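Colleague: here are the coordinates; sequence isn't available:
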Ligand SMILES: [Cu+2]
C-alpha cells in the first residue's frame with residue numbers, strides 16, 4: 001500500500017467518524033425494551049425527532065425462535081440483531097428523515113414502530 005492510498009483511506013475514515021462525535025451522550029434519547037416470547041417487544045412504539053441520536057436497548061428474557069429470532073429497523077438499523085436470553089442488544093442511530101420506521105424481524109414482519117417527527 002503506497003502512502004497516497006493510506007492518506008485517502010485516513011481522510012475517508014475521518015469524514016465518516018466526524019459526525020458521530022458531534023453528539024454527546026446527554027443528547028441521546030435512550031429507550032429500554034424488554035423482549036419475551038409471549039409479548040415480543042414491550043414497549044413497541046416510540047417517537048423521536050429527526051437529527052436526534054437514538055439508543056434502543058433490548059433486554060431479552062427469552063431466546064427468540066423461528067421467524068422473530070432477530071430484530072432490526074429497516075432504514076435505521078439494517079443489520080438483524082439476534083435476540084438471545086440475557087444478551088442485551090444495543091441499536092444506535094440518528095434518523096435523518098421523518099417517517100414511520102417499522103421495527104421488524106430479519107424478514108420484515110412488523111413488531112413495532114419508530115415514529116420520526
Ligand atoms: Cu420473520
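Modeller: That came through fine. Just so we're clear, the structure is a prediction, and the values are computed from it rather than from any experiment. Residues are numbered from 1 along each chain as shown.

Colleague: Surely residue 112 touches residue 41?
Modeller: Yes - counting by CB atoms under 8 Å, residue 112 touches residue 41, with 5.5 Å between them. Where you see a C-beta, it was placed from the backbone N, CA and C, and this is true even at glycine.

Colleague: what is in contact with those two at once?
Modeller: residue 103 (CB atoms under 8 Å, 6 or more residues apart in numbering).

Colleague: Provide the count of other residues in contact range of residue 103.
Modeller: Burial of residue 103 is recorded as 24 neighbouring residues (other CB atoms under 10 Å).

Colleague: Run through the protein and note the low-pLDDT ranges.
Modeller: Counting by pLDDT under 70, the chain contains low-confidence ranges at 1-26.

Colleague: Contact residues of it facing the ion?
Modeller: Within reach of the ion by CB under 5 Å from the ion, the chain has these residues: 67, 105, 107, 109.

Colleague: Can I get these in CSV including neighbour count and secondary structure?
Modeller: Compiled in CSV, the residues of the chain next to the ion are given as follows (neighbours: other CB atoms under 10 Å; DSSP: H, G, I helix; E, B strand; the rest coil):
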residue, neighbour count, secondary structure
67, 10, helix
105, 19, coil
107, 11, coil
109, 10, coil
